[in-house]
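Chemist: Sharing a model that was predicted from the sequence below.
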Amino acid sequence: MPGDGLCRNNLIYTSLISDDKKTFCQWYHNDSEYHQGKNEVVDADLMEEKWKREVKFLTLMSKHYPHQIPELLDIDIHEKKIYLKIDGVDFWQEHFDKKCMYDQVLPDWQEQMLLIFQSHKTLGLWKYSLHPSSYFIVDGQLKSINYFFTYQTGEGPITVRDHLSHISKERQQEMKIKTDALGIGWDVPQTTKTMQLLAFESFSNNYPRAFIERAKRVFI
């Protein structure tokens with residue numbers, strides 16, 4: 001990351017990528033070297049919950065919208081590892097490596113991402129992990145990952161504070177400004193829909209404002 005050097009790209013699991021960058025592994029294990037002691041998800045029960053959500057919703061997407069997630073190569077239940085077929089680094093890293101805008105990496109990324117959001121809505125999924133590093137590009141197609149912070153219609157309500165371990169300290173500061181403006185208390189249970197709209201707002205510094213508004217309309 002420019003100005004920061006190497007950094008973690010995930011607060012929950014340990015990210016592994018093959019030397020040829022053809023396989024990505026989500027290892028639901030708190031590795032002290034990788035997380036540098038900054039990860040708050042050290043509770044075994046919480047890690048188990050995140051692992052189960054990732055497996056459940058990735059599998060659901062694979063069944064109904066296989067073209068919108070990377071190909072599932074293997075799910076190692078014992079090791080808690082998910083192996084995905086990729087083709088290079090994630091979407092966020094790729095635009096850094098190429099020193100260009102998202103549009104130059106994938107011209108129609110906005111339309112593809114909106115279609116993924118529409119698929120989530122159709123399946124009754126509320127996915128709050130929306131960072132550009134939650135996507136890969138394979139054969140010109142945007143592929144979605146990171147379903148550990150996803151709820152299904154009928155779950156909830158949930159509070160912001162109960163999920164701070166999912167959110168970096170920097171983003172927490174940004175989000176506090178937004179929640180205050182929206183009158184959302186961190187200890188007040190919120191509907192999954194409200195949390196979805198808040199998630200889009202919290203990533204408004206990562207995406208164009210016009211895109212954020214289009215994304216929110218998918219769920220309104």
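Modeler: Arrived safely.

Chemist: Roughly how far does the residue lying farthest from the centre of the chain sit from residue 190?
Modeler: Most distant from the centre of the chain: residue 183, at 24.8 Å, with distances by C-alpha atoms, centre = their mean. For residue 183, the distance to residue 190 (C-beta to C-beta, to the nearest Å) stands at 11 Å. C-beta coordinates here come from the backbone N, C-alpha and C atoms, glycine included.

Chemist: Please apply the same query to residue 125.
Modeler: Counting by C-beta to C-beta - residue 125 and residue 190 are separated by 17 Å.

Chemist: Neighbours of the closest residue to residue 192 other than its chain neighbours, how many?
Modeler: The spatial neighbour of residue 192 that comes closest, neighbours along the chain excluded (C-beta to C-beta, 6 or more residues apart in numbering), is residue 126 at 4.1 Å. For residue 126, the neighbour count with other C-beta atoms under 10 Å is 23.

Chemist: List the residue ranges of this structure that fall below the pLDDT cut-off.
Modeler: 1-10, 37-42 (pLDDT under 70).

Chemist: which residue is nearest the centroid of it?
Modeler: Short answer for the chain (C-alpha atoms, centre = their mean): residue 129, at 3.0 Å.

Chemist: was I right about that one contacting residue 148?
Modeler: Yes: in this structure, residue 129 is within contact of residue 148 by C-beta atoms under 8 Å, at 6.8 Å.

Chemist: Now for these two: what residues contact both?
Modeler: Each of residue 166 lies in contact with both residue 129 and residue 148 under the rule C-beta atoms under 8 Å, 6 or more residues apart in numbering.

Chemist: Kind regards, and thank you for your time.
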